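*Asks:* After the sequence you'll find the predicted model.
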Amino acid sequence: MIELEGVPELIDPVMVAAFEGWNDAGDAASTAVAHLDREWKGEVFAALDAEDYYDFQVNRPTVWLDGGVRKITWPTTRLSVVRVGGEKPRDLVLVRGIEPSMRWRSFCNELLGFAHELGVEMVVILGALLGDTPHTRPVPVSGVTSDPDLARRMDLEETRYEGPTGIVGILQEACTHAGVPAVSLWAAVPHYVSQPPNPKATLALLNRLEDLIDLRIPLGELPEDARAWQLGVDQLASEDSEVAEYVQTLEEARDTAELPEASGEAIAREFERYLRRRDGGPGPTGPGHATESGDGSSYLRDASSGRTRPPKPPRPEPDPDQGSESGDRHSDSSGTSDTSDTSEDD
């Protein structure tokens, strides 16, 4: 039995989780949860026992000095709670950690125990995968669920993925079997510039989360960081003719595939978002929030800003340290190179 002392009764709580590792290309997902925790000043109320779930030869603890006293930080998963004010206040339970090395079923059961005790109404798990997507286009974000009813109600894809999976897929299925509504949001990160950070993918995940749970998220400097990241990759790609040609090929394929999306529901969604932000969406308006384009492309394509920042990404070439991700491109991949359909990922 999990007993939570000092945690107040929560208002319409939603659990938002992300895990570093295989399901977190470019650190986009874990950075998104860290951003929520930082912006809303989350208070940690629980941490899972690192001894139960982590191999310390894989995820090593770190030693640091605190006023001359040596301390150790153990790799683990921590839970914090934030209260979002406004006309309709609600609480978010933020779960941020590292993909566990072992005992995944026990790990998920422990998280679900916290969710049950806190009265969590829905679990949203963020992930990021490597894909054949150009950095110059809006980041594709797919929302998937294993619940057919939830898929219909929230306009989500019902997952059809089969193959190797990570902790995101396992936790989503655990939620489904426990009767807890669960959604996974996946951002596609360009495989040729996979090194973290990727603020553009983080921004896209937060915008999609904002729409999903109908909550205004302060974005701080993320739009500026995303624009600086794209300009930096533009510059690096222009210096390599092969990379520039490859990016152009990806752009043409993406634009051709999305021609049907240039009208109908896609435009309607973007227009509704614009009206909501302009005329009375919850929360303040201003430069710290996304504008008309939900993926932040209105920031990213504006090269006329006077603000400068050193390009963050390294030279755009495959990362040998992300072998399993770049090799299968799907976060839950079976080893194929098909990345155009992100909706099949768990």
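*Replies:* Now that the structure is in, tell me what you want to look at.
*Asks:* Next, the buried residues of stretch 99-106.
*Replies:* For stretch 99-106, a neighbour-count test (16 or more other CB atoms under 10 Å) marks 99-101, 104 as buried. To be clear about C-beta, it is placed using only N, CA and C from the backbone, and glycine gets the same treatment.
*Asks:* How about stretch 206-219?
*Replies:* Those buried within stretch 206-219 under the rule 16+ other CB under 10 Å are 206-213, 215-219.
*Asks:* Redo those as a markdown table? Include distance to S241.
*Replies:* Supplementary listing: these in a markdown table, determined by distance: CB to CB, whole Å:
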| residue | distance to S241 |
| --- | --- |
| L206 | 35 |
| N207 | 33 |
| R208 | 34 |
| L209 | 38 |
| E210 | 39 |
| D211 | 39 |
| L212 | 41 |
| I213 | 44 |
| L215 | 44 |
| R216 | 43 |
| I217 | 39 |
| P218 | 41 |
| L219 | 35 |
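*Asks:* between those, which is nearest L130?
*Replies:* R208 (18.2 Å; CB to CB).
*Asks:* The closest one: which element?
*Replies:* Element membership for R208 (DSSP states H and E) is helix 199-213.
*Asks:* quick one: the next helix or strand after that helix to chain centroid distance?
*Replies:* Following helix 199-213 in sequence order, the next helix or strand is helix 222-238 (DSSP H and E). Helix 222-238 sits 19 Å away from the centroid of its parent chain (CA atoms, centre = their mean, to the nearest Å).
*Asks:* quick one: helix 222-238 to helix 199-213, angle?
*Replies:* Compare the direction of helix 222-238 with that of helix 199-213 by axes from the mean of the first three to the mean of the last three CA atoms, to 10 degrees and you get 140 degrees.
*Asks:* what stretches of the protein score poorly on pLDDT?
*Replies:* 1-3, 258-346 (pLDDT under 70).
*Asks:* Tell me which stretches of it form strands.
*Replies:* Counting by DSSP state E, residue ranges of the strands within the chain are 14-20, 43-47, 62-66, 69-73, 78-84, 90-98, 122-131, 141-145, 157-158, 182-190.
*Asks:* Of all those strands, which one is nearest A115?
*Replies:* strand 14-20 (5.5 Å).
*Asks:* Between the two ends of stretch 69-80, how far is it?
*Replies:* One end of stretch 69-80 sits 26 Å from the other (CA to CA, to the nearest Å).
*Asks:* which residues sit against that stretch?
*Replies:* 19, 37, 42-50, 53-54, 56, 59-65, 93-98, 100, 107, 111, 114 (CB atoms under 8 Å, 6 or more residues apart in numbering).
*Asks:* buried subset of the residues you listed?
*Replies:* 19, 37, 42, 45-46, 48, 50, 53-54, 59, 93-98, 100, 107, 111, 114.
*Asks:* what separates V180 from A151, distance-wise?
*Replies:* Distance, V180 to A151, using CB to CB, to the nearest Å: 15 Å.
*Asks:* Ok, R105 next?
*Replies:* For R105, the distance to A151 - CB to CB - is 25 Å.
*Asks:* what do you get for N207?
*Replies:* Distance, N207 to A151, using CB to CB: 20 Å.
*Asks:* Go ahead and measure how far stretch 233-240 is from the middle of the chain.
*Replies:* Using CA atoms, centre = their mean, the offset of stretch 233-240 from its chain centre is 26 Å.
*Asks:* for stretch 69-86, same thing?
*Replies:* 18 Å.
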